[in-house]
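In: Just to be clear, the model below is a prediction. Sequence and coordinates:
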Amino acid sequence: MAQDVLDALGPYDAIVSEHGYGLGPPTGILVLLYAVPHGTVSLGDVHDDFRDQLFWAADGWLVVRRGAELSFAGPHQAVWVRRGTSAEVRGGSGHAVHAVMLREPPAVVAGLSVGLVGLDASARSAVTLLGHGVPEERGLELRAQLLAGLGRPEAVAHRARGLGLARQVAAALMADPADPTELREWADRLHVSSRTLQRDFEREYAATWSAWRTRHRLAASLPLLELYPVARVAHLVGYASASAYVAAFRRVYGTTPGRRAAAATRGRN
């Protein structure tokens with residue numbers, strides 16, 4: 001999108017594009033792409049009585065809340081919400097969220113009401129293309145590609161240079177940012193030295209274990225700031241105290257979580 005268009009938008013104005021493919025029969029697919037240039041994508045209650053829904057953020061986090069239960073989906077996972085089911089979905093700051101609507105659910109999610117499903121590289125590519133618009137025949141091919149890639153273990157990307165150890169740890173922490181397990185404990189579980197695991201993080205993510213964990217904990221906290229007090233958010237993403245969380249947040253984002261949340265609230269009013 002042209003920069004002058006982005007500049008004309010308020011920091012919390014959502015850009016929504018919609019693309020449908022074969023919408024007459026049950027085998028069709030509808031994809032909505034939500035983007036907020038600087039704010040947080042809040043889809044609210046995504047209840048739909050007629051369509052199953054799949055939500056994915058390509059380069060950020062999604063938080064899904066159902067009652068008191070929270071789940072986190074990283075960029076290699078999607079949130080599945082079955083028709084007739086209520087759940088609240090939020091995305092991180094400045095990240096686009098794809099919403100995929102289906103009338104014919106795949107077998108891999110049979111019996112799943114609300115939960116996380118894996119997206120392999122092929123499925124992620126399909127969602128991205130569907131969200132930007134392609135001819136209908138190609139869109140239906142991509143629909144099949146997406147459904148075939150749901151729930152599969154993630155393949156090693158061609159650009160990956162690590163041993164796969166860091167990716168295993170990262171996947172666990174994306175599912176639960178508050179996991180208190182330290183580097184040495186992860187290394188013991190993987191039967192390698194701490195030094196080997198540290199080097200694998202640096203090869204894979206160009207960051208130390210500590211820097212990677214901090215970055216992702218803070219990113220996971222962004223969608224939570226409009227839901228909970230700062231102290232509660234700090235606990236949910238693994239900080240022992242609110243002051244430690246606030247200090248880390250300020251170093252990375254240049255402001256406090258409270259001010260970030262207040263700005264988001266003003267932007268929505």
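Out: That came through, no problem. Numbers count the residues shown, from 1 in each chain.
In: Which residues are in contact with Gln168?
Out: If you count contacts by Cβ atoms under 8 Å, 6 or more residues apart in numbering, Gln168 has them with Leu190. For every residue, glycine as well, the C-beta is placed using N, CA and C.
In: now swap in the one 5 residues further on and tell me
Out: Residues near Leu173 by Cβ under 8 Å, 6+ apart: 179, 213, 216.
In: tell me the helices in this structure, going along the chain?
Out: Secondary structure of the chain (DSSP state H): helices located at 3-8, 121-132, 136-148, 165-175, 183-190, 194-205, 209-221, 230-236, 242-253, 257-268.
In: Reformat these as JSON lines; add distance to Ala87 and mean pLDDT.
Out: Converted to JSON lines, the helices of the chain look like this (distance: least, Cβ to Cβ, whole Å; pLDDT from 0 to 100):
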{"stretch": "helix 3-8", "distance to Ala87": "30", "mean pLDDT": "31"}
{"stretch": "helix 121-132", "distance to Ala87": "19", "mean pLDDT": "93"}
{"stretch": "helix 136-148", "distance to Ala87": "20", "mean pLDDT": "95"}
{"stretch": "helix 165-175", "distance to Ala87": "17", "mean pLDDT": "83"}
{"stretch": "helix 183-190", "distance to Ala87": "31", "mean pLDDT": "92"}
{"stretch": "helix 194-205", "distance to Ala87": "30", "mean pLDDT": "89"}
{"stretch": "helix 209-221", "distance to Ala87": "17", "mean pLDDT": "90"}
{"stretch": "helix 230-236", "distance to Ala87": "17", "mean pLDDT": "94"}
{"stretch": "helix 242-253", "distance to Ala87": "26", "mean pLDDT": "94"}
{"stretch": "helix 257-268", "distance to Ala87": "20", "mean pLDDT": "72"}
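In: Can you convert the ones you listed into JSON lines and add a column each for distance to Ser113?
Out: Formatted as JSON lines, these follow (distance: least, Cβ to Cβ, whole Å):
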{"stretch": "helix 3-8", "distance to Ser113": "37"}
{"stretch": "helix 121-132", "distance to Ser113": "21"}
{"stretch": "helix 136-148", "distance to Ser113": "19"}
{"stretch": "helix 165-175", "distance to Ser113": "18"}
{"stretch": "helix 183-190", "distance to Ser113": "31"}
{"stretch": "helix 194-205", "distance to Ser113": "33"}
{"stretch": "helix 209-221", "distance to Ser113": "23"}
{"stretch": "helix 230-236", "distance to Ser113": "22"}
{"stretch": "helix 242-253", "distance to Ser113": "32"}
{"stretch": "helix 257-268", "distance to Ser113": "29"}
